[in-house]
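Student: Just the structure for this:
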Amino acid sequence: MKRFLILIVLISLNLKAQQILPERERAEVIDKILKERFDKLLPKLMDNTGFDMWILISREYNEDPVLKTMLPATWLNARRRTILVFYRDKEANTIEKLAVARYNFGENIKSAWEKEKEPNQWKRLIQIIEERQPKSIGLNYSEHFNICDGIVKTDYEAFMDNLPEDYQSKVKSAEQLAIGWIETRTETEMIIYNQLVDITHDIIAEAFSEKVITTGITTTTDVEWWMRDKIIALGLKTWFHPTVDVQRTAEELGNHLYAFSNRPEDMVILPGDLVHCDVGITYLRLNTDCQELAYVLKPNETEPPEFLQKALKDGNRVQDIFTSNFETGKTGNAILKASLAQGKSEGFRPAIYTHPLGTYGHSSGTTFGMWDAQNGVPVNGDYPLRENTVYAIELNTTVTIPEWKRDIRIMLEEAGFWGEDGFRYVNGRQTKLLTIPRVKSHQGN
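Tutor: Sure, this is the predicted structure:
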């Protein structure tokens, strides 16, 4: 435990990217965080959702997305058929963590199946159920929340075929419980999250600098692959391929797909360009998702034009409008509607498409619009905002630039945390345009 606390203190010191933990120390952190989540978070989630038993069933290389987040650090996949059983006795304030598997599920979950005594895995599972007589059994199936739809048809049918009739009516979708497990962050995880976003900001800052970009030569595709190589060189992963695009005076404004799939490749970055990126990393089983902007200085320029600086401030104001409407228990659709209405009343042309962020990049929880669903998202957008959750505050506002005789889109994305004290950005947000190259002070005439 002492070593774990030392590792967390080191992370909390906001260490730079080159001081990322080696794999062995990452494993220690991951397993300790899992223990904290199993022992302290899971009982609360089970009580809140009314389940006293939660069963997760997976087979090797075909893991339930929720079970995958529970794997011990040294397990990269489930083994054979892995069955986890969590039993909550609220009156005794205990939680049992059992693996109906041939192996201990790491240090946190012990094997509860001796094949020599009971060769049939399903029969052993039924024994465990009958011994505890649960009132409500949760399985991971869900029509609308993909991460919570982890049990496959074969395993579901085998489970129900073996389950005694008296218990079959007690089986219910564990959708709410699974969402809670995926979306809720612990205090320790939020210490780590700060470093994750800081690393992401550092990668963007280096990519959008003269260290990487030579104006008139470097292309957007060059920068994308530099980012991906950089992430891998740091011993990290990216959960999507980075994207880089430019807006300039001679270009027309594309639709929302422009920044994602329809943008031209290999565009040479030129002086006067407004450059935009979208990049996210995975580290210690958490994910980031960040979009920032940079301006390429023209000869004799020392800062971006005032009209672009103002445009960024407009984007920041839309962020403020949006996050000021956050309220625990309020749905994503309600927050979206109020934020868009307020933004338009202040003269902006906003679009909001914010998603849960955490164990997965596009995670489970409430959804605040999509780029092609600005009137709300059925079901997912009707889910309420919960505390101790992280979101990719992803949005844009369209701004008319008379100097360019066109509209531009200020696209921003930053990790934000919602907790009992309200909203905060996990590691700040962009309020000034990066410049390529960085402005340097020189002596003499």
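Student: need the contact list for the most centrally placed residue in the chain.
Tutor: Nearest residue to the geometric centre of the chain (Cα atoms, centre = their mean): residue 357, 2.4 Å. Counting by Cβ atoms under 8 Å, 6 or more residues apart in numbering, residue 357 makes contact with 287, 288, 289, 363, 390, 391, 392, 415. No exception for glycine: its C-beta is placed from N, CA and C like everyone else's.
Student: give me the number of residues near the residue lying closest to the first one once chain neighbours are set aside?
Tutor: Put plainly, it is residue 287. The shortest distance from residue 287 to any non-neighbouring residue, by Cβ to Cβ, 6 or more residues apart in numbering, is to residue 361 (4.4 Å). Neighbours of residue 361 under the rule other Cβ atoms under 10 Å: 19.
Student: pretty sure residue 361 contacts residue 279?
Tutor: No - counting by Cβ atoms under 8 Å, residue 361 does not reach residue 279; the two are 11.0 Å apart.
Student: would you list the contacts of residue 357 in TSV and tack on neighbour count?
Tutor: Converted to TSV, those look like this (neighbours: other Cβ atoms under 10 Å):
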residue	neighbour count
287	26
288	29
289	25
363	22
390	28
391	28
392	25
415	26
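Student: Inside helices: which ones of those?
Tutor: Assigned to helices by DSSP state H, none of these qualify.
Student: Of those residues, just say which sits nearest to residue 128.
Tutor: Nearest to residue 128 among the contacts of residue 357: residue 363, at 30.3 Å, using Cβ to Cβ.
Student: Sketch out the low-pLDDT regions of the stretch 251-400 of the chain for me.
Tutor: Applying pLDDT under 70 to the stretch 251-400 of the chain flags the ranges 251-263.
Student: can you tell me how far the residue nearest to the centre of the chain sits from residue 20?
Tutor: If you measure residue 357 against residue 20 using Cβ to Cβ, to the nearest Å, the figure is 20 Å.
Student: Within the helices and strands, which one has the closest residue to residue 322 other than its chain neighbours?
Tutor: What sits nearest to residue 322 in space, not counting adjacent residues and going by Cβ to Cβ, 6+ apart, is residue 339, at 4.4 Å. Element membership for residue 339, per DSSP states H and E: helix 332-345.
Student: again, but for residue 223
Tutor: helix 220-233.
Student: Quick check: mean pLDDT of that helix?
Tutor: The average pLDDT for helix 220-233 rounds to 97.
Student: After that helix, which helix or strand is next?
Tutor: Counting by DSSP H and E, the next helix or strand C-terminal to helix 220-233 is strand 237-238.
Student: Pairing partners for that next one, with directions?
Tutor: In the sheet, strand 237-238 lines up against strand 281-283 (antiparallel) (DSSP bridges).
Student: Let me see the residues that make contact with the partner strand.
Tutor: 20, 192, 195-196, 199-200, 203, 231, 236-239, 287-288, 361.
Student: can you give me the helices for the stretch 51-200 of the chain?
Tutor: 65-68, 121-132, 153-162, 165-168, 175-183, 187-207 (DSSP state H, counting those that start in this stretch).
Student: Ok, which of the ones you listed comes nearest residue 326?
Tutor: helix 175-183 (14.3 Å).
Student: counting contacts, what elements does the closest one pack onto?
Tutor: helix 42-49, helix 65-68 (3 or more Cβ pairs under 8 Å, 6 or more residues apart in numbering; DSSP states H and E).
Student: Quick one: distance of the first one to the chain centre.
Tutor: Its chain's C-alpha centre lies 22 Å from the corresponding centre of helix 42-49 when counted by Cα atoms, centre = their mean, to the nearest Å.
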